[in-house]
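Asks: structure for this input, please:
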Amino acid sequence: MNYTLNSKINLSLLYFVLVALIGAYLRLVFVADPGVLNFQYILHSHSHTAILGWVYNILYLAILFSFLPEHVNSKKYNLIFWLTQISIVGMLITFSIQGYAAFSIAFSTFHILLSYVFIYCFIKDTRKNSVLSDSVSLKFIYGALFFLFLSTFGPWGLAVIIANGLSGSDLYKQAIYFYLHFQYDGWFIFALIGLWLWVVEKTLNESDKKALKAAFYILFISNIPACFLSLLGFEISSLLRMLALASALGQLVGAKLLYKFLFASEKNIFNNVNSLSKRLFKFSFLLLFVKYMLQLISALPVIGRPAFVSREVTIGYIHLIMLGVISLGLLGWLGYNNLIILSSNLIREGLKMFLFGFVISEILLFYPALVLWFQAPAIPHYYITLFVLTLFMLGGVVL
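Replies: Got it, this is the predicted structure:
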């Protein structure tokens, strides 16, 4: 198969629609459970399709488009892409039917192995290009691929944990959090930053590159012990808690350096970016900064407790990253490169619907933290409201 880049992007957007549709069903269960599907199985299908169908696909295509444009439709990368789609569709179906079981694990393992092939091929091909040798944006992409590789140790660990009869144990949950941390905070965010920087790469002088390399090393080094932030809900040592707190501070410092360069510079390096793409970039980065602030708060024992006892707060945090930071950032990037037409009235209306549903639902999802902190009153018709907001997001994604 040798479909165009736009066809592959449309397929990825279709996964986004499926993710939103499944998400709407999961919200419906809390309002009027139809009792047709297994909630936990559908939840697994939702998360895997979001991570591996929507985000992984777009990052795969965007990285090739930016750094290896001559390979976007090459036989090698086409084969990897379409084999990856087999694994994604396989996971979508099998997780929905059986949850974590033989076939779903086989398809997810297949996806991991294909990601290894992609990492190897991409690094090999980019190192042949001397023009990219001093690229700061590529440094962030290499960092992203390192974290993608590292994240897969979580699923491999799960196989050992399950084989030893420890399903549902703290160790089992910690392996999942390990995987999610290095996916969300490593692979996704570093790749997105790399794509942002690729937009302005040609405007960089040596001083700029030096500042951005400093930001990279601060973020990269601090992101490794930041995995302990995901484990603060468990009994861990004081040393690990201190490392978690230090990593949260380090990430804020790195984000501040990036912000100063990207958006507060007198050079106005985003001058040539169309206004809607620029607003999406800025909003995405603002939410990234909020994410780092929330991580710092979660590292403070008393204040951070709601993050680990409230399911809604956890979902709000995951959606903040997946829908706010990553999805909006990627849509802005796609618009900048005219891979979706942001000037289209249909797409603009879709973005408005999506943003409305996203912002209000985030406020509601984090509201239980106020209940725990300040004994705030419960919101009437809470789950019905969340379901309606999910429909707004679904409609927005469809448009």
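Asks: show me the shaky parts of this structure.
Replies: Low-confidence segments of the chain (pLDDT under 70): 1-3, 264-274, 301-309, 373-374.
Asks: host element of the residue nearest to residue 224 when sequence neighbours are not counted?
Replies: Spatially, and ignoring its direct neighbours in sequence, residue 224 is nearest to residue 247 (7.6 Å; Cβ to Cβ, 6 or more residues apart in numbering). In this view, the C-beta of every residue, glycine as well, is placed from N, C-alpha and C. In this structure, residue 247 is located in helix 238-262 according to DSSP states H and E.
Asks: wait, the residue nearest to residue 224 sits on residue 218?
Replies: No - Residue 247 is beyond contact range of residue 218, at 10.3 Å (criterion: Cβ atoms under 8 Å).
Asks: more neighbours, those two?
Replies: Applying other Cβ atoms under 10 Å to residue 247 and residue 218 shows that residue 247 carries more neighbours, namely 23 against 19.
Asks: what's near enough to touch that one?
Replies: By Cβ atoms under 8 Å, 6 or more residues apart in numbering, residue 247 lies in contact with 222-226, 228-229.
Asks: 6 Å instead?
Replies: 222, 225-226 (Cβ atoms under 6 Å, 6 or more residues apart in numbering).
Asks: state the number of residues packed around the nearest residue to residue 249 once chain neighbours are set aside.
Replies: Nearest-residue entry for residue 249: residue 296, 6.7 Å, with adjacent residues in sequence omitted and distances by Cβ to Cβ, 6+ apart. Residue 296: 19 surrounding residues under other Cβ under 10 Å.
Asks: so residue 296 is in which element?
Replies: Going by DSSP H and E, residue 296 is part of helix 275-298.
Asks: isn't residue 66 up against residue 198?
Replies: Yes - contact criterion Cβ atoms under 6 Å: residue 66 and residue 198 qualify, at 4.6 Å.
Asks: any idea how far residue 364 is from residue 41?
Replies: From residue 364 across to residue 41, the span is 26 Å (Cβ to Cβ, to the nearest Å).
Asks: cool, residue 391 as well?
Replies: 22 Å.
Asks: same deal with residue 20?
Replies: 18 Å.
Asks: name the residue in those two with the higher neighbour count.
Replies: Of the pair residue 20 and residue 41, residue 20 is the one with more neighbours under other Cβ under 10 Å, namely 23 against 18.
Asks: I'd say the more buried one and residue 396 touch.
Replies: No - look at residue 20 against residue 396 with Cβ under 6 Å: they stay out of range, at 8.2 Å.
Asks: tell me, how many residues neighbour residue 34?
Replies: Count around residue 34 with other Cβ under 10 Å applied: 8.
Asks: how about residue 102?
Replies: 9.
Asks: tell me how far it lies from residue 165.
Replies: Taken as Cβ to Cβ, the span from residue 102 to residue 165 is 17 Å.
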